[in-house]
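J.: I'll drop the sequence and a predicted model, then ask my questions.
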Amino acid sequence: MAALPLFQAEPEWIQNHLKVHVPLLEIKKALDFLIKNNFIKQNEDGTTYTLTKKNLDCLGGIYRLALTQFHKEMFQLASESIENTPSEKRHLMGHSFAITEENFSKVREILNNALEQIKVLETPNEILADIYHIELALFPLTKGEKHETH
């Protein structure tokens with residue numbers, strides 16, 4: 001949200017602009033973390049903030065539990081958007097298909113490339129309508145047993 005031009009680093013302001021309820025204490029902790037770790041920085045005027053280009057890479061180990069919870073919550077929000085967000089303001093797609101292990105790797109690469117192309121479209125500090133989250137998922141629906149063809 002710090003990319004929004006009228007962003008205010010105040011828990012109440014943030015809470016009032018979220019589609020779902022988040023307790024003020026959680027927002028305050030998150031905001032403190034973002035400022036302390038220089039993900040957002042206060043401008044010289046003392047009232048506005050700038051989103052830095054710093055990324056948070058959460059790979060393995062201690063982050064596994066937090067990432068698991070994060071993705072569960074994002075998928076839940078995506079599910080809820082079917083009921084609470086007009087279709088012209090969301091885009092949910094799915095496709096179930098049979099795939100080989102070799103093609104699984106190719107699909108992963110396509111998804112990684114797609115996300116990188118989408119990231120380039122981010123326009124911080126410009127007039128933005130909303131903050132969006134994209135969640136790409138590729139997962140098996142079967143147990144992974146080898147099936148023989150006849």
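T.: Yep, that arrived. Numbering: from 1, shown residues only.
J.: Output the below-cut-off pLDDT ranges for the chain.
T.: Counting by pLDDT under 70, the low-confidence segments of the chain come to 54, 60, 124-129, 145-150.
J.: Let's check: the centremost residue of it is which one?
T.: Central residue of the chain (Cα atoms, centre = their mean): H133, 4.0 Å from the mean position.
J.: Which element, helix or strand, includes that one?
T.: Secondary-structure assignment from DSSP states H and E places H133 in no helical or strand segment.
J.: Once you drop chain neighbours, what's closest to it?
T.: M74 (5.9 Å; Cβ to Cβ, 6 or more residues apart in numbering). Glycine gets a C-beta too; all of them are placed from N, C-alpha and C.
J.: The one helix or strand that neighbour maps to: which residues count as buried?
T.: M74 belongs to helix 63-84 when assigned by DSSP H and E. Within helix 63-84, the residues that qualify as buried by neighbour count (16 or more other Cβ atoms under 10 Å) are 78, 81.
J.: State the next helix or strand along the chain beyond it.
T.: helix 101-119.
J.: hmm, who's touching that next one?
T.: 99, 134, 136, 138 (Cβ atoms under 8 Å, 6 or more residues apart in numbering).
J.: Which two among those are spaced furthest apart?
T.: I99 and I134 (21.7 Å; Cβ to Cβ).
J.: And the residue nearest to H133, how far from K29?
T.: Taking Cβ to Cβ, to the nearest Å as the measure, M74 and K29 are separated by 19 Å.
J.: My reading is that K41 is in a strand; is that accurate?
T.: Yes - assessed with DSSP: H, G, I helix; E, B strand; the rest coil, K41 lies in a strand.
J.: burial of it, as a residue count?
T.: K41 has 13 neighbours, counted by other Cβ atoms under 10 Å.
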